[in-house]
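Undergrad: got a sequence here, can you model it:
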Amino acid sequence: MIELEGVPELIDPVMVAAFEGWNDAGDAASSAVAHLEKEWKGEVFAALDAEDYYDFQVNRPTVFVEGGTRKVTWPTTRLSVVRVGGERPRDLVLVRGIEPSMRWRSFCNELLGFAHELGVELVVVLGALLGDTPHTRPVPVSGVTSDPDLARTMDLEESKYEGPTGIVGILQEACTHAGVPAVSLWAAVPHYVSQPPNPKATLALLNRLEDLVDLRIPLGELPEDARAWQLGVDQLAAEDSEVAEYVQSLEEARDTAELPEASGEAIAREFERYLRRREPGQSAGGHATEGGDTAPFLRDTPPAGADRTRPPKPPRPTTGREPTPPSDPADEGEGEGEDKKPRDGEGADQGHSDQNTEHTENTEPKDSGNKGEDGEPGGPVAD
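TA: Sure, this is the predicted structure:
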């Protein structure tokens, strides 16, 4: 039995997890959870034993000096809790780590043990894969679940993928077998610019998570970073005629495929988010817990008579569009991505572009985020 000292009873908790490695193209997924930890000041309250799950020749520890003393940081998976304020406060359990090298079933069971003790109602696992998608268009994000009922109620795709999988797929299946509702959100990263970071894909994952759990997520400088990243890639692509021609072909294919939904689901989804961000009394603040008196929100209690029941989301307009066939990896995020412009104004800091574009010329996929169907990576990509 897992004992959690100093962690209070949580309010409608949702676990959000991401893992570096095979399921994290461009570090988009792990960067999304790191952003939540930073914005809501998450502090670690638990960590899995690195000896049990990691090969230190694959994921090596790092040494650093603090106050004249040398210290070692071991690769592992850490958990933190943040409370999101507002009229209806709720808690997020953030899980961030590295895909384990061994004992995946024990790894998932340990995370599920924390979920059980904390009363988690939903597990959302974030991932990113390489895809045939242009960097100039909104990043496709697909929501996938193995639960048919959950797929219907939350407007998600039911996974039909068959093939090699990573810890994201294993954790989702473990949750399903344990009776814990689980969803995975996958962002498609352009394979010709796969090196991290990819703030545009990170932003797309956070936007989709915001819709899924009905929370307002503070975005900080992320929209500006995403614009600077795209401008930098635009500049490098313009210098290579072959790359520019290839990007244009991807744009044409993408625009043709998404034309039917441009006036339906995507617009309705953006309008819902716009209304939510204008709701009065919404607070983006939150505190993390690490036990004891270090977490102010441990003494917080919900307002008297506060209704914790979340209203159902309004039905989304239907477009009569047929479901995306699973045979084309580039289509797997179709209809779920953010087909919109960034929300925080226009323009970009040209000074940031040079830092985000130096890897554009790499046209070969990277093993850390291989393509697959239904939002699931499909094994190593051939050269």
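Undergrad: how about the strands in the chain?
TA: For the chain, applying DSSP state E gives strands covering 14-20, 44-47, 62-66, 69-73, 78-84, 90-98, 122-131, 141-145, 157-158, 182-190, 286-288.
Undergrad: please name every helix or strand in contact with the longest one.
TA: In this structure, strand 122-131 makes packing contacts with strand 14-20, helix 28-39, helix 167-177, strand 182-190, helix 199-213, judged by 3 or more C-beta pairs under 8 Å, 6 or more residues apart in numbering; DSSP states H and E. For glycine as for every other residue, the C-beta is placed from the backbone atoms N, C-alpha and C.
Undergrad: point out the most buried one among the ones you listed.
TA: Highest mean neighbour count among the helices and strands packed on strand 122-131 (mean count of other C-beta atoms under 10 Å): strand 182-190, with a mean of 29.
Undergrad: quick one: strands adjacent to that strand?
TA: strand 122-131 (parallel), strand 141-145 (antiparallel) (DSSP bridges).
Undergrad: highest average neighbour count across those strands?
TA: strand 122-131 (a mean of 28).
Undergrad: model confidence over that strand, on average?
TA: What strand 122-131 shows for mean pLDDT is 96.
Undergrad: before we move on, what about stretch 37-45?
TA: Stretch 37-45 carries an average pLDDT of 90.
Undergrad: what about His177, distance to Val16?
TA: From His177 over to Val16 the distance is 20 Å, taken as C-beta to C-beta, to the nearest Å.
Undergrad: do the same with Asp214
TA: Separation of Asp214 from Val16 (C-beta to C-beta) stands at 14 Å.
Undergrad: got it, and Asp234?
TA: Asp234 sits 31 Å away from Val16, going by C-beta to C-beta.
Undergrad: and what of Val33?
TA: For Val33 relative to Val16 (C-beta to C-beta), the value is 6 Å.
Undergrad: what touches both of the two?
TA: Residues touching both Val33 and Val16 (C-beta atoms under 8 Å, 6 or more residues apart in numbering): 94-95, 126.
Undergrad: TSV for those residues, including distance to Asp49?
TA: Listed next are those as TSV, based on distance: C-beta to C-beta, whole Å:
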residue	distance to Asp49
Leu94	19
Val95	15
Leu126	24
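Undergrad: which of those residues sits closest to Gln172?
TA: Leu126 (11.2 Å; C-beta to C-beta).
Undergrad: list the contacts for the closest one?
TA: Here Leu126 is in contact with 16-18, 29, 32-33, 168, 184-185, 187, 205, 209 (criterion: C-beta under 8 Å, 6+ apart).
Undergrad: let me have the residues you listed in CSV, extended by pLDDT and distance to Arg60.
TA: Formatted as CSV, these follow (pLDDT from 0 to 100; distance: C-beta to C-beta, whole Å):
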residue, pLDDT, distance to Arg60
Val16, 98, 27
Ala17, 98, 23
Ala18, 98, 21
Ala29, 97, 22
Ala32, 97, 24
Val33, 97, 22
Val168, 96, 23
Ser184, 96, 28
Leu185, 96, 29
Ala187, 96, 27
Leu205, 97, 27
Leu209, 95, 31
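Undergrad: closest to Pro89 among those residues?
TA: Out of those, the member with the shortest distance to Pro89 (by C-beta to C-beta) is Val16, at 16.3 Å.
Undergrad: now do that closest one against Val82, distance only.
TA: Separation of Val16 from Val82 (C-beta to C-beta) stands at 10 Å.
Undergrad: shared neighbours, those two?
TA: Joint contacts of Val16 and Val82 (C-beta under 8 Å, 6+ apart) are 36, 92, 94.
Undergrad: check contacts around the second one.
TA: By that I understand Leu92. 13-16, 36, 40, 81-82, 84, 213, 215.
Undergrad: which residues does it bridge with?
TA: The partner residues for Leu92, given DSSP bridges, come to Val14, Val82.
Undergrad: and Pro138, what pLDDT?
TA: On the pLDDT scale, Pro138 gets 92.
Undergrad: how many residues are close by it?
TA: Residues lying near Pro138 (other C-beta atoms under 10 Å) number 21.
Undergrad: touching, it and Asn207? I think so.
TA: No: with contact defined as C-beta atoms under 8 Å, Pro138 does not count as touching Asn207 (9.3 Å).
Undergrad: now do the contacts for Gly26.
TA: With C-beta under 8 Å, 6+ apart, Gly26 has these contacts: 128, 189, 194-198, 201, 369.
Undergrad: swap that for His35, sorry
TA: By C-beta under 8 Å, 6+ apart, the contact list for His35 reads 202, 206, 220, 222.
Undergrad: with distance to Leu250 added, can I get the strands paired with strand 182-190 in JSON lines?
TA: Below are those laid out as JSON lines (distance: least, C-beta to C-beta, whole Å):
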{"stretch": "strand 122-131", "distance to Leu250": "10"}
{"stretch": "strand 141-145", "distance to Leu250": "17"}
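Undergrad: can you check which of these gets nearest to Arg60?
TA: Arg60 lies closest, by C-beta to C-beta, to one member of these: strand 122-131, at 23.1 Å.
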